[in-house]
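**Student:** give me a 3D structure for the following:
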Amino acid sequence: QVQLVESGGGLVQAGGSLRLSCAASGIIISINAMSWYRQAPGKQRELVALITSGGTTTYADSVKGRFTISGDNAKNTVYLQMNNLTPEDTAVYYCNADVVVGLAGGVSSSRRYWGQGTQVTVSS
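**Tutor:** A predicted model of the protein is given here:
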C-alpha cells in the first residue's frame, strides 16, 4: 500500500520556526492532494493546510501568513514551513495523502492515507 513518513517536529520557543516533511511511498499512480492536519489534546483533528497536485493551496485561518505548504511532485513529498509559532500551535501534526493507487489486476483506486504523526511543542 502507501506509507507516509513524517519528520521535522520538535520543541521550539514561541516566535520560532519548524519545517515538517512528509514523504509518500508505495504503488502510487498519482497524487490528488496532500495536506497537514493537527490535533491538540482534548480537541478535534483540524485541517492546517492543503496543496493539490496543481499547486492550489488552502490554509486554516489561524495559520494564514505564518505557515506555508509546498510540494515536490517528483519526490511525492510535502512540506510545511511554520514560522512565528505560538503555544496555540502545539499539537500532533499528521500528514494526509489523497492518492490514486494501483491494485491487483490493473485496477486503480483513490484512497486517503495518514502518517503516524509528529509532535510539535511550542513553549512560551
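**Student:** any idea of the pLDDT on the residue sitting furthest away from the middle of the chain?
**Tutor:** Distance from the C-alpha centroid of the chain, by CA atoms, centre = their mean, peaks at residue 105 (30.7 Å). Per-residue confidence (pLDDT) for residue 105: 85.
**Student:** contact partners of the host helix or strand of residue 24?
**Tutor:** Element membership for residue 24 (DSSP states H and E) is strand 18-26. Applying CB atoms under 8 Å, 6 or more residues apart in numbering, the contact partners of strand 18-26 are 1-10, 12, 31, 34, 36, 75-82, 85, 93, 95, 97, 99, 101, 113, 115, 118, 120. All C-beta atoms are positioned from the backbone trio N, CA, C, and that covers glycine.
**Student:** give the PyMOL command for selecting the buried subset of those.
**Tutor:** A single PyMOL command suffices to select whichever of the contacts of strand 18-26 are buried according to 16 or more other CB atoms under 10 Å:
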select buried, resi 2+4+6+8+9+12+31+34+36+76+77+78+79+80+82+85+93+95+97+99+101+113+115+118+120
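**Student:** the contacts of strand 18-26 in strands, which ones?
**Tutor:** In this view, the contacts of strand 18-26 that belong to strands under DSSP state E are 2-7, 10, 12, 31, 34, 36, 77-82, 93, 95, 97, 99, 101, 113, 118, 120.
**Student:** next, the buried residues of the helix or strand bottoming out on mean pLDDT in the chain.
**Tutor:** Among the helices and strands of the chain, strand 108-114 carries the lowest confidence by mean pLDDT, DSSP states H and E, at a mean of 93. The neighbour-count check on strand 108-114 (16+ other CB under 10 Å) flags residue 113 as buried.
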